[in-house]
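Asker: okay, predicted coordinates and the sequence, questions at the end:
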Amino acid sequence: MRRHLALVFSALAVAAASCSGIVQPSETDHSAFALRPDGIGPYRIGDPYDLVVDGMLAEFGGWDVDSANSARPVLVPDCGLPTRMVSWGNLVLLFVGGDGAETFRTWSYGFDPVTGNAEDPRSLGLVTEAGIGLGASLGDLEDAYGGALEVSFDADADLTVFAVDARANEHLAGRFDVAPPEGVVQLIERQPACGGPSGG
């Protein structure tokens, strides 16, 4: 069953709030940082921590949460340990490894571990390569992805979820705030959360 990273990260909201930096809304065009099944923008799953985070800092400014500053470990099923979470508003990047050898494992966009909600406090406005971002409708997804789109109800999580090219090992997935047609995209993430050829 697909595991949504936002459900895992929600447990960190209280602990992470004490570790947050200064949130400053962004007025930059981040179109070069498309949300992709194999990474984000120019960075790919498996890239070293320093390369990815240095680039993200240059693009988005200081992070809001770095779980390395928290006494509570980040436990993500199937990702292995140790796991490190770094976020800019509701854009969350997960890294695995240790002793200076951490690598980029996955990302999630649409859940802020500081506020515990799906608002976009930094107004990042990130989108997939097909132009889908938070607030997109089912119709927007159908127009962008056609027959590659699958929408279903996840009874365990009580969520309407979607996947794009789900038969591919690495693909985009997400959820709606309420069931379509009224619902809009509340979360976009890479699947599988951990694993696959890039994720190990």
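Answerer: That came in fine, so what should we check first? Numbering: from 1, shown residues only.

Asker: give the contact list for residue 134.
Answerer: Counting by C-beta atoms under 8 Å, 6 or more residues apart in numbering, residue 134 touches 109-110, 118, 120, 184-188. The way it works is simple: take the backbone N, C-alpha and C, and place the C-beta from them, glycine included.

Asker: let me know the closest of the residues you listed to residue 136.
Answerer: For the contacts of residue 134, the closest approach to residue 136 (C-beta to C-beta) belongs to residue 185, at 4.4 Å.

Asker: ok, that closest one to residue 174 distance?
Answerer: Plainly put, residue 185 is 6 Å away from residue 174 if you go by C-beta to C-beta, to the nearest Å.

Asker: same drill for the two, tell me which one is more crowded.
Answerer: Counted by other C-beta atoms under 10 Å, residue 185 and residue 174 do not tie: residue 174 has more neighbours, with 28 against 23.

Asker: hang on, that one in a helix?
Answerer: No: secondary structure of residue 174 (DSSP: H, G, I helix; E, B strand; the rest coil): strand, not part of a helix.

Asker: list the contacts of it.
Answerer: With contact set as C-beta under 8 Å, 6+ apart, residue 174 has these partners: 110, 161-162, 185-189.

Asker: what of residue 185?
Answerer: 110, 132-137, 140-141, 162, 174-177.

Asker: try it again with 6 Å
Answerer: 134, 136, 174 (C-beta atoms under 6 Å, 6 or more residues apart in numbering).

Asker: quick check: phi and psi on it?
Answerer: Main-chain dihedrals, residue 185, degrees, to the nearest 10: phi -60, psi 130.

Asker: name the nearest residue to it, sequence neighbours excluded.
Answerer: The shortest distance from residue 185 to any non-neighbouring residue, by C-beta to C-beta, 6 or more residues apart in numbering, is to residue 136 (4.4 Å).
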